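**Q** predicted model follows, preceded by the sequence.
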Amino acid sequence: MPSSPYADGRLADERRPVAREVQCARCGVVVLAAKFSPQQTSVQWTADAVRACAEFAARLAGGQQTALIDGCASLRASIEAAVRDGRLPVVSPVPEMTAPETTAPEMPVPETTAPGMPVPETTAPEMPVPETTAPGMTAPEVAGR
């Protein structure tokens, strides 16, 4: 069993969609559909399919906008039939195969001087604080000045 990339032990869900053309049994519209579970279906409609769908046409005639239409019950039934008939597979989760996280071993810091020579201190020199103020303003006092 693959190790989990997550601290809580769950596996990554790396499903790959298997989109298939599905034709509506009612009006003949063809869409691309993919199933990830019995509950989740992805449907890609084309503009032509939206215009040709009998249920969408009826709802559009009733004043609904296509963006607010949940879907087509006839197409949903055709997708379910395609799943039952084996024409549209339900893609099961494929765990992500990754190497477990490991930490690199601590490496010694190489010396940049010749053996026996002291390593110079690497502190930054003190930088002056510019005294820039807007006209008519006084500069704030800075500690140590």
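**A** Received, thanks.
**Q** what's the neighbour count on the closest residue to Arg26 other than its chain neighbours?
**A** Leaving aside its sequence neighbours, Arg26 sits nearest to Ser74 (C-beta to C-beta, 6 or more residues apart in numbering; 3.8 Å). C-beta here means a position set from N, CA and C on the backbone, and glycine is covered the same way. Counted with other C-beta atoms under 10 Å, the neighbours of Ser74 add up to 16.
**Q** if you count neighbours, what's buried in the longest strand seen in the chain?
**A** The longest strand of the chain (DSSP state E) is strand 30-35. Of all the residues in strand 30-35, those buried under the rule 16 or more other C-beta atoms under 10 Å are 30-31, 33-35.
**Q** for stretch 65-84, list every residue counted as buried.
**A** Going by neighbour count (16+ other C-beta under 10 Å), the buried part of stretch 65-84 is 72, 74-76, 78-79, 82-83.
**Q** quick one: low-confidence parts of the protein?
**A** Residues of the chain that meet the criterion pLDDT under 70 lie in 1-16, 92-145.
**Q** which single helix of it contains the most residues?
**A** helix 73-84 (DSSP state H).
**Q** for that one, which helices and strands make contact with it?
**A** Helix 73-84 sits against strand 20-23, strand 30-35, strand 41-44, helix 54-61, with contacts defined as 3 or more C-beta pairs under 8 Å, 6 or more residues apart in numbering; DSSP states H and E.
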